[in-house]
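okay, sequence plus prediction incoming.
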Amino acid sequence: MNVYVAPAEMRTAVLSARTGNRTVGFVPTMGALHAGHLSLVDAARAECDVVAASIFVNPTQFAPHEDLDAYPRPLERDLQLLQEHGCDLVFTPSAEMMYPAGAETSIDVGAVALPWEGAERPTHFAGVATVVMKLFQIAPATHAYFGHKDYQQTLVVRRMVADLNVPIEIRVCPIVRDDNGLALSSRNAYLSPDERQQALALSQALRLAEQAHASGQRSAAALRQIIRDHLAAAGLSPDYVAIVADGTVQEVEHIGGPVVAALAVRVGQTRLIDNCRIG
Ligand code: PAF
């Protein structure tokens with residue numbers, strides 16, 4: 001596994017990996033890798049000739065009140081895990097290399113970035129879209145892998161790739177959960193044992209909504225209420241609970257096709273998101 005710090009060197013390595021029509025699968029991450037990230041590496045390994053990843057804690061997607069410095073950075077462990085999962089090329093730049101003095105360009109993907117996470121953290125998705133676009137230039141792969149847990153982020157990336165004609169296939173992989181159903185997230189590390197227990201209500205609430213749908217319930221308002229009631233019973237009050245047409249952030253009232261139930265909940269000081277596809 002080769003590790004690159006300089007953008008130009010990573011780009012040369014990816015371009016040379018693509019010779020002879022070989023495919024390169026790219027997994028952008030902020031490090032602190034867990035089984036969710038590694039499932040993306042595994043998917044890239046299964047589908048592509050060469051696997052590339054990046055580890056970069058992107059400052060521009062953090063809000064001023066979020067503690068960028070406290071974000072975990074276990075670089076050696078992350079590199080070890082990437083190697084064990086068959087990654088070939090890793091990009092680990094510094095913030096100065098990604099954002100040299102004078103950098104000002106930012107990507108606004110429009111409406112898809114406005115609700116939910118965008119409402120809570122107004123500059124977040126411009127930061128995500130801009131860094132992902134930069135990473136796609138530095139690592140011009142054939143495929144890129146993202147997790148469904150960050151459902152809105154996947155819509156932002158797809159919008160940007162379509163609108164800016166970026167020649168890359170976006171793959172979205174299923175959420176990875178622990179044995180109790182908690183969606184894996186780097187933020188779970190901030191939960192106390194009690195909060196971790198309380199956080200199980202998120203996936204339980206989504207499962208109850210799924211079951212109600214399977215029993216014939218087609219009212220989105222009823223599913224939202226089932227989710228809210230379960231969260232309330234666990235002492236949690238959500239930032240949002242939404243039932244949207246799959247692939248969009250458009251709320252539906254009657255469920256006539258595949259939808260996504262998405263929610264964000266603060267458990268203690270930690271804001272968690274989760275979602276599931278229904279129907
Ligand atoms: O999902 C993440 O870890 C980040 O938002 C990403 C896509 C690596 C951009 O910094």
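Everything's here; your move.

may I ask which helix or strand encompasses Glu96?
Using DSSP states H and E, Glu96 maps to helix 95-98.

and the helix or strand just after that helix, what does it pack onto?
Sequence-wise, the next helix or strand downstream of helix 95-98 (DSSP H and E) is helix 117-120. Applying 3 or more Cβ pairs under 8 Å, 6 or more residues apart in numbering; DSSP states H and E, we find helix 117-120 packed against helix 124-138, helix 151-163. For every residue, glycine as well, the C-beta is placed using N, CA and C.

residues making contact with the first one?
Counting contacts by Cβ atoms under 8 Å, 6 or more residues apart in numbering, the residues outside helix 124-138 that touch it are 7, 10-11, 14, 26, 28, 54, 56, 58-63, 91, 93, 98, 105-109, 113, 117-118, 144, 152-153, 156-157, 160-161, 164, 166, 168.

which stretches of the stretch 151-279 of the chain form helices?
With helices called from DSSP state H, counting those that start in this stretch, the stretch 151-279 of the chain shows them at 151-163, 193-198, 200-214, 220-233.

using PDB, list the CA coordinates for the helix or strand of the chain with the lowest mean pLDDT.
Least confident helix or strand of the chain, by mean pLDDT, DSSP states H and E, is helix 117-120 with a mean of 94. This file holds the C-alpha atoms of helix 117-120, laid out as PDB (Å, rounded to 0.1, in the frame of the first residue of the first chain):
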ATOM      1  CA  GLU A 117     -28.300  18.600   8.100                       C
ATOM      2  CA  GLY A 118     -28.100  21.700   5.900                       C
ATOM      3  CA  ALA A 119     -30.500  23.600   8.200                       C
ATOM      4  CA  GLU A 120     -28.700  22.600  11.300                       C
END
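
quick check: residues of this protein near the ligand?
Pro28, Thr29, Met30, Asn58, Gln61, Val128, Val131, Val132, Asp150, Gln153 (Cβ under 6 Å from any ligand atom).

wait, which of the residues you listed is closest to Gln198?
For the residues of the chain next to the ligand, the minimum distance to Gln198 (Cβ to Cβ) is 21.7 Å, reached by Asp150.

quick check: that closest one touching Ile273?
Yes - the criterion here is Cβ atoms under 8 Å, and Asp150 meets it with Ile273 at 7.4 Å.

higher neighbour count, these two?
Taking other Cβ atoms under 10 Å, Asp150 and Ile273 do not tie; Ile273 has more neighbours (22 against 19).

quick one: that one and Gln152, what's the gap?
For Ile273, the distance to Gln152 equals 8 Å [Cβ to Cβ, to the nearest Å].

which neighbours do these two share?
Common neighbours of Ile273 and Gln152, using Cβ under 8 Å, 6+ apart, are Glu117, Ala262.

which residues are in contact with stretch 15-26?
14, 43-45, 47-54, 88-89, 135-136, 139-145, 168, 171.
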